[in-house]
Every structure is written in structure tokens, then in C-alpha cells.
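# the amino acid sequence is not available; the structure is as follows:
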């Protein structure tokens, strides 16, 4: 059996697919992944022996270039076109397509699967894009919801219209070119009525919603066996556990100021620091021996060696820190990150920072709470509740569904 996994997004969109791919191969499937041509994505997939098909432009370049509201339809058209080009070729001979990532990219991949007559599954690594009466939808840049509309159901209807206005024309243009009928709701086309949710039910509990048969599998994680660099190990062994600071795929405008605040605050608390460069290019502020800077690093191995993790609140980083039992300070920047910050606070495993720009005062207060013994105890307890087998569950369910012809995969 051949399975194509397709995404366009950050490391947090690619890493879980590596986990799923490993378990699909263990069950005898041939797997390839369509993903942006960023070097770190290619290196990660190659490290687990998975073939990567590059799609479109570098996700890092697209993210760090900024995203003016007026450019969203144009960028969506570019993503959709790249999906039709790359996925069409990569899906040849496949029995299943799994699509995720940015909405227009997922819409393109689903349409390609439809045009080729291949069953497909849509998934998300956070539930905030799934319509639910229990919460508001996320607003797109330049598309705020009217302040007078407060009913969640009405807001989700507006969300569907906004998404279709942004992405529908480009999607339907490409669908027509391959003989497909137009869709009248891009969001419904992507998710159908049976979307998959690859998150942990303790960290991200799904509330039953009429009209959606959500398949929640647990988070998709592949053990990272890459050793920590020797010089980092020497740093860790030379003193007390440091505080990790990193913002993943977030550009973080004013990164030098953020590094200054973070390192200064950590030092003032008598702690050492490990600073992750990430897409913000964070760096050390001096040559003090109490700080260490890292690039790509095995977070699964590093986080258990730290006193606390200060991060942006991406789904993957939040899950990794939670599994490690390490207290967290989440400094959310955008999209789903405030949600993950709230979940960390609600579970008592860390602190949700108020706003995207930390100050010495705000970060100090947050770290004092995170570093308290009771937070560490709670983080340790919750770590034992997080299920480790989400990717295994998903792989078995996917292959069984295809083999048994269970309807409807697509929704």
C-alpha cells in the first residue's frame, strides 16, 4: 500500500508527519511526504528514512517575509498551484492521501486526490480550525469579526465565508482545469464531516460537536534518537539545569531585545540559559559561560534536562515539553498559540504569558511560578497522562480503513 502525506507549513506541520510515516512503514506501507523545500524539513525526514517531495517555496522564506492582508489571496493561489503541480505527480499509484497544513494547501491536496480518485483524509494538529459552538473561530489577518456578533455559530458561518472569499476563487480555477466541479465552501471541502485531530486528549480535549465526527488519535510523535551535541552535553553537565528559551518558527521582530530580556531575566533568577536560534535568529548577548546557543536540536532529549521551557506555544513544542514533565512559560505570538498557552495554564504545568512581547518584569513573574516546586510536581504528574502511541493508533486506523473500504474517508 502506498500513502502520500501532504503539508505546507512550519516544522510543527512536518514533524508529526515524520512520526506517522515511521509507523506506516512499520506496518508495511510505502510512504512519501510532500512538504516545503526547507533544509531542516528535508533533513528531518531523511533522518527517519522518508522520501520528501518538495512543494512550493521555502516556508521559512514565506513566513519571515511577512503577510500583508491584501496578499493572502495571492499567496493562497501560489500554494494551491504548487499543490496541484507537486501532489498530482507524487500521488501517482497511491492508495491514500493525507492532507494538512495551511488551509489553501490542504484544499489543493484534497482536490488533487479527488481528481485522481484516491481516498483522502484531512487532519489538523490543533482543533481551533474545526467548527465548534464551544468557542470562537480564529480571525484571518485583515478580516476581523464584527464586534456586534457574539454567537459562536454565527461567527463560524462568517469564518466559512471569509475562508471561501480568500481561497475559493483560486481553488475553483484549478479544479475546473482538471474537470472538477467548483466547491462552495473551502473549509467544508477540506474537513468534510470526519476530520482527524492529531492531538493528545489530555492536553487538547475535544468536545463533541453536532455534524462533526472527529477522529482524535493522540499526538503523532516519533522518538528522536539524535544525540545532543557534545558541547551542549558538557554545558548541561557543568551546572544546574538551565532555562530553555526558543520560539521555533516564529520570526519574532525585535529578536535582539527579546534575547536581552530573556537572558537578563534568567540570570537575575540565578539560572543558566539555553537559547535556541529558531527562525527568529536569537543569539547570545555576550560571551558569558552561563549561556549556550543551539540550532536544530533534539528537544525530546534536551527538555528533560532543563528547569523550564520558555516558548511560543506551537502544538509540537507544547506537547514535547508536556511529555518531558518540564514546566513551561508560553509566550504566544499568533494563531493557535494563545490556546496552547491557556491549556498549559489550565493544566497547571506552567504559565500563559500575557501578550507576545516579554518584559523583564513579566517574564520574571512567569518564571518564578514555573520554577516553583508545585509546578514541577504538577508537570511531572501530567506527563504521565499523555499517551505516547498516537502515531501508531493513526497508522493502524488509516490502513485498516483503506483495506476494509470503510466509508467515508473523505467526509
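Thanks, I have it. Keep in mind that this is a model prediction, so the values were computed, not measured.

# continuing past the lowest-mean-pLDDT helix or strand in the chain, what's the next helix or strand?
Every helix and strand of the chain was ranked by mean pLDDT, DSSP states H and E. The lowest is helix 59-64, at a mean of 76. Remark: after helix 59-64, the chain's next helix or strand is helix 72-90, criterion DSSP states H and E.

# secondary structure element for residue 357?
Going by DSSP H and E, residue 357 is not in any helix or strand.

# quick one, what contacts it?
Applying Cβ atoms under 8 Å, 6 or more residues apart in numbering to residue 357 gives the contacts 254, 258. C-beta here means a position set from N, CA and C on the backbone, and glycine is covered the same way.

# just read off the phi/psi values of it.
According to degrees, to the nearest 10, the main-chain angles of residue 357 amount to phi -120, psi 110.

# can you pull the domain assignment for this structure?
According to automatic domain parsing, the chain comprises the domains 2-221+388-404, 230-383.

# and the end-to-end length of the shortest one?
As for domain 230-383, its first-to-last residue distance stands at 27 Å under the measure Cα to Cα, to the nearest Å.

# phi and psi next, for the residue nearest the centre of the chain.
The residue lying closest to the centre of the chain (Cα atoms, centre = their mean) is residue 12, at 3.4 Å. Backbone dihedrals for residue 12, given as degrees, to the nearest 10, come out at phi -70, psi -20.

# does it touch residue 316 like I think?
Yes. At 4.1 Å, residue 12 counts as touching residue 316 under the criterion of Cβ atoms under 8 Å.

# okay, and the common contacts of those two?
With Cβ under 8 Å, 6+ apart as the test, residue 12 and residue 316 both reach 125, 248.

# where does the prediction get shaky in this protein?
63-70, 405-411 (pLDDT under 70).

# for residue 242, give its distance to residue 290.
Distance, residue 242 to residue 290, by Cβ to Cβ, to the nearest Å: 8 Å.

# try residue 301
21 Å.

# please enumerate the strands of the stretch 301-411 of the chain.
Taking DSSP state E, counting those that start in this stretch as the test, the strands found in the stretch 301-411 of the chain are 308-311, 328-330, 350-352.

# between those, which one is closest to residue 147.
Of all the strands of the stretch 301-411 of the chain, it is strand 350-352 that lies closest to residue 147, at 24.0 Å by Cβ to Cβ.

# and that closest one, which strands flank it?
strand 328-330 (parallel) (DSSP bridges).

# ok now the partner strand, how far from the chain's centre?
Centre-to-centre, strand 328-330 and its host chain are 16 Å apart (Cα atoms, centre = their mean, to the nearest Å).

# if we can go back for a sec, need the contact list for the residue nearest to the centre of the chain.
Per Cβ under 8 Å, 6+ apart, neighbours of residue 12: 125, 248-249, 314-317.

# hmm, 6 Å instead?
Counting by Cβ atoms under 6 Å, 6 or more residues apart in numbering, residue 12 makes contact with 314-316.

# over to residue 94?
Contact partners of residue 94, counting by Cβ under 6 Å, 6+ apart, are 2, 4, 118.

# where does it land in three-state SS?
coil (DSSP: H, G, I helix; E, B strand; the rest coil).

# what separates it from residue 109, distance-wise?
11 Å.

# I'd say residue 349 and residue 380 touch.
No. Using Cβ atoms under 6 Å, residue 349 is not in contact with residue 380, being 9.0 Å away.

# ok, back up a step: of the contacts of residue 94, which is the most crowded?
Counting neighbours by other Cβ atoms under 10 Å, residue 4 leads these with 26 neighbours.

# please report phi then psi for it.
Dihedral angles of residue 4 (phi, psi; degrees, to the nearest 10) stand at phi -110, psi 130.

# partner residues bridging it?
Beta bridges link residue 4 to residue 32, residue 97 when assigned by DSSP bridges.

# residues in contact with it?
32, 90-91, 94, 97.

# kindly recompute the last result at 7 Å.
32, 34, 90-91, 94, 97 (Cβ atoms under 7 Å, 6 or more residues apart in numbering).

# measure it to residue 306 for me?
Per Cβ to Cβ, residue 4 is found 37 Å from residue 306.

# and residue 349 and residue 380? which has more neighbours close in?
Neighbours were counted for residue 349 and for residue 380 using other Cβ under 10 Å; residue 349 has more, 26 against 14.

# looks like residue 269 contacts residue 366 (just checking).
No. Between residue 269 and residue 366 there is no contact under Cβ atoms under 7 Å: 10.9 Å.

# and the two? Which one has more around it.
Per other Cβ under 10 Å, whichever of residue 269 and residue 366 has more neighbours is residue 366, with 23 against 14.

# what's in contact with the helix or strand containing residue 121?
Applying DSSP H and E as the criterion places residue 121 in strand 120-124. Contacts with strand 120-124, where a contact means Cβ under 7 Å, 6+ apart, come from 96-100, 106, 110, 113, 130, 190-192, 195-198, 398, 409-410.

# returning to that earlier point: possible to save the contacts of residue 94 as CSV with distance to residue 279?
Formatted as CSV, those follow (distance: Cβ to Cβ, whole Å):
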residue, distance to residue 279
2, 33
4, 27
118, 33
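
# quick one: which of these is nearest residue 334?
Nearest to residue 334 among the contacts of residue 94 is residue 4, at 29.1 Å by Cβ to Cβ.

# quick one: the strands in the stretch 151-300 of the chain?
196-197, 215-216, 243-245, 273-276, 291-294.

# go through these and pick out the most buried.
Among the strands of the stretch 151-300 of the chain, the stretch with the highest mean neighbour count (mean count of other Cβ atoms under 10 Å) is strand 243-245, at a mean of 28.

# so how far is stretch 25-38 from its chain's centroid?
Centroid separation for stretch 25-38 versus its chain: 17 Å, with Cα atoms, centre = their mean.

# ditto for stretch 321-334
That offset, for stretch 321-334, works out to 14 Å (Cα atoms, centre = their mean).

# can you give me the end-to-end span of it?
Start to finish, the residues bounding stretch 321-334 are 19 Å apart (Cα to Cα).

# can you give me the buried ones in it?
321-333 (16 or more other Cβ atoms under 10 Å).

# which pair of these spans the longest distance?
Distance extremes for the buried residues of stretch 321-334: the farthest pair is 325 and 333 at 24.6 Å, using Cβ to Cβ.

# chain center to the longest helix anywhere in the chain, what's the gap?
The residue-count maximum for a helix in the chain (DSSP state H) belongs to helix 152-177. Distance of helix 152-177 from the chain centroid (Cα atoms, centre = their mean) equals 22 Å.
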